[in-house]
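Visitor: Make a model of this:
(chains A and B)
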Amino acid sequence: MRLISILLFSLVSSWVLAQTIADNEQASQVSQKTISIKQSVLELNRNLYQLEEDLLSPATTRAGVYFSLSYGEFFEPYSVNITIDDKQPIQYLYTKRQVDALRQGAVQPLKNLNLGPGVHTIKAIAKGVDNNGKNRELVLEQSVEKHDKPLYIELKIQDNKEIQSAELMISQW
Amino acid sequence: MKFLLYILLMISTSQVFAVDSEQEILRLKKGEYYYHYLTGDFPSAMNQLAQWRDTGGAIAGEADVMEAAMLLSLGLHQQAQHIFERIQQTGSDASSQAWFYLAQRWYELGHYESVLFSIGQMSIEGLKDSVIAEAQFMKASAFIELGEHKKAQKQISTMARDGIWTGYARHNYILAMFDGNNSGQSLALLIEDATYYLPQTQEGKDLKDRINLIAGLHYLQGGKNRSADKHLKNISLDGPYTPAALLQYGWGQVEQGRYDQALQPWRDLQTRFNRFDPEVMESMLGVPHVLELIRAHTQALKTYEVTEQRLTAMKSLVESINNGLGEDPWLERWISQQEDQSWGWQANIEKTLPLDDTSAVLKNLLVEDAFVNQMTEYRDLVLLSDYLIEKEESLRLWITLVDKRERESKADQAKPLIEKASRELDIAKDEFKHLEAYLQQSDGDLFALPNKVEESNISLLVNSAKSIERLIKKNKASRNVEQYKQRWARVKGVFLWQMNEDKPQKQWQLKKELVAMNRLIKQADTQLLEVRLAHQWAPSAWVGMKDRIIKMLAKTSKIKQLSLQVRNESKQALVAESKVYLDDLTHRLNDYLSQSRLSIARLYDDALQHYVATGAIEELGE
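Guide: Alright, predicted model coming up:
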């Protein structure tokens, strides 16, 4: 009787052990498949991003507006407000993390636009605080010319140590 | 020769400009990558990295490191490790942040030699204090795991005294001391240090409780009940370690024969905490056991009976939850409560389940890291499949749009309209040139720029001149033509005088109108050019797009199907594991039920024996 009990117990134990191993193997297989899907999605996402870019902005009308901060000692931006030909307003409010990223040399892609060939007028206002904690506005109005190639417009807040202040500048490529 | 030099200069200048421009665009793309990376938007950073890689091989090494860091951030460890192993062999100027992420991954996987190697590659300059502290913790813990306790101790001594990571390092060091059967004054001092220098935050308080709990358990096992009491008493009454502390404190009191003092923490445990907590369940049987020890048999019996009823109710609840677990949307409820919608390793996930019966029963399952990882994986799959469904729908809409645009492009009448407008503009330009020439000639023409009255006067003058010529030809003696000639010349003179007086004013007016006309012609020219370009680009802009979209749609659908399938498998695995847990819980409840029923039977039997022994039954019979 005792022997039968021991046998039964060992059978049940081995079944439970086998079940646990099977469960672990299933979980591991699912993990492998999940990793493979994540990689496929990343690759697909990359291709989709490129396709959507090409569909929404053909090279002939593509224009990108970027925003950067050089050092940011004399100015910390809270928001930017940009209009192109008094249309297409771009507004952005910054978080602490985003300002930190800009200070570390990151360049923010503000917006991708469709611009026709010719001259366009950009008006930009950057609101924020200066190194004394006072509210300040940096204002800029300038013309840019779009040809048949993609246009890159960079709005940059640059520290000017000579005048102990920051300036809003624009560059285009 | 001079001309040749000029041409060469022009070519070299334009090439320099092109290179500068490319460099600047590359700088913008690199900056954009960093922006996404530093703000935690890793999928966008990966997209940017792909574009960045396309720009040339000069930055491929740096991009490798960045990609590995990205893959780590997204939880794709194997690929990241593969890249890093290659970098380890070939050497690289990888960023300290990237090495830190790798060290974290190695640490989680338990590859402590690699942890030390990765941390060795880091430079602390420019890193946040919290990152440096965590790296120091990993280094100290790796030394502990490798048995190099002196190095670990040295590492801990360099860390900030009151940092949370120092606390965790000390905690691991204390555990290593317990495992090595170390005891004595130095261990007591180490525990005291570890619990004293901790930040006054919730995490700091919880860690303090944890250190006190492991110390209490260690001393209980070693039979040092007073030391155990000291540590267990120091554990707060509202932390995650409170149930374990209350239970162990009670058993400590029982060990010391202070039965009445064991009851209070256990009753507290039963009233304040989840009845499915193992500690609470154990205390349910502990209370009547202590009552038995203090010979309060009737109370013990009643308590066993109440416990048996409670355990039966709990068992039926566990069984009903277990039976309906497949259909119960507890996982979906948990996913819907998450605020962070990103997937991957760095997603900020709320690990507690929403409050209901199912979560109350499954609460202890979430203590296991493996199960939490599986839940997180399932959540990632839900997010990914939802994303793929959305993208599939979006691609279908794009196909519809491209089709519509193709049809409209074929049917449009823009070309003849543009040609007609172009011809009309050419006519206007000719007229403008004609007027410009006329204005230039007007200085030499006496009768230039006449108005309507002047035109009629000029024609009158011409007609009068013809009449005078006719009279002269007839040459009749009776007529004095000379008089007419003089009068005509006088009228002509006055007329010319008046016209010349008005001419500058007229010239100025015409010039002004010509300038305005020129402006309008230029505007129309630009507009026509833009329309012409737009018409040229419109069909060509989306040429080949339909095929690309169809290919992408097929790929998306395939991955979506796979993700939905794996999502189901993942859920099934989670449900299966939960069922195993619930089965275990049922077995445990059965054990407790058996114990309580056996105790009830035993107590009744004891009472019966007692009655028989004392003759009370016979007396009752009589």
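Visitor: and the helix or strand hosting B:E431, what's its mean pLDDT?
Guide: Using DSSP states H and E, B:E431 sits in helix B:414-441. Averaged across helix B:414-441, the pLDDT comes to 87.
Visitor: does that helix come close to chain A?
Guide: No. Applying C-beta under 8 Å from any C-beta of the partner chain, one finds helix B:414-441 separated from chain A by no less than 15.7 Å. C-beta: built from backbone N, CA, C; applies to glycine.
Visitor: by contact count, what packs against that helix?
Guide: Using 3 or more C-beta pairs under 8 Å, 6 or more residues apart in numbering or on different chains; DSSP states H and E, the elements in contact with helix B:414-441 are helix B:481-541.
Visitor: and the helix it packs on with helix B:414-441, angle?
Guide: Counting by axes from the mean of the first three to the mean of the last three C-alpha atoms, to 10 degrees, helix B:481-541 lies at 150 degrees to helix B:414-441.
Visitor: which residues are contacting the helix or strand that comes right after the helix holding B:E431?
Guide: The element immediately downstream of helix B:414-441 (helix or strand, assigned by DSSP H and E) is helix B:452-474. For helix B:452-474, contacts defined as C-beta atoms under 8 Å, 6 or more residues apart in numbering or on different chains pick out B:447, B:450, B:479, B:481, B:484-485, B:488, B:491-492, B:495, B:499.
Visitor: can you redo those residues as a markdown table with distance to chain A and pLDDT?
Guide: As requested, those are exported to a markdown table (distance: C-beta to the nearest C-beta, whole Å; pLDDT from 0 to 100):
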| residue | distance to chain A | pLDDT |
| --- | --- | --- |
| B:F447 | 44 | 76 |
| B:P450 | 41 | 83 |
| B:R479 | 72 | 71 |
| B:V481 | 68 | 78 |
| B:Y484 | 65 | 82 |
| B:K485 | 63 | 83 |
| B:W488 | 59 | 87 |
| B:V491 | 56 | 87 |
| B:K492 | 53 | 86 |
| B:F495 | 50 | 85 |
| B:M499 | 44 | 83 |
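Visitor: out of those residues, who has the most neighbours?
Guide: The member of those that has the most neighbours, counting by other C-beta atoms under 10 Å in any protein chain shown, is B:M499 with 19 neighbours.
Visitor: Touching, it and B:L446? I think so.
Guide: Yes. Taking contact to mean C-beta atoms under 8 Å, the distance of 7.2 Å between B:M499 and B:L446 places them in contact.
Visitor: what residues are up against the nearest residue in space to B:P278 that is not next to it in sequence?
Guide: Of all residues beyond its chain neighbours, the one nearest B:P278 is B:N364 (6.9 Å), with distances taken as C-beta to C-beta, 6 or more residues apart in numbering or on different chains. Under the criterion of C-beta under 8 Å, 6+ apart, the contact partners of B:N364 comprise B:276-278, B:581.
Visitor: So in chain A, where's the weakest helix or strand by average pLDDT?
Guide: Sorted by mean pLDDT, DSSP states H and E, the helices and strands of chain A end with helix A:2-56, the least confident at a mean of 65.
Visitor: moving C-terminal of that helix, what's the next helix or strand?
Guide: Downstream of helix A:2-56, the first helix or strand assigned by DSSP H and E is strand A:62-70.
Visitor: And for that next one, what's in contact with it?
Guide: Counting by C-beta under 8 Å, 6+ apart, the neighbours of strand A:62-70 from elsewhere in the structure are A:53, A:57, A:75, A:77, A:80, A:82, A:90, A:92, A:99, A:102-103, A:106-115, A:146, A:150-159, B:28, B:31-32.
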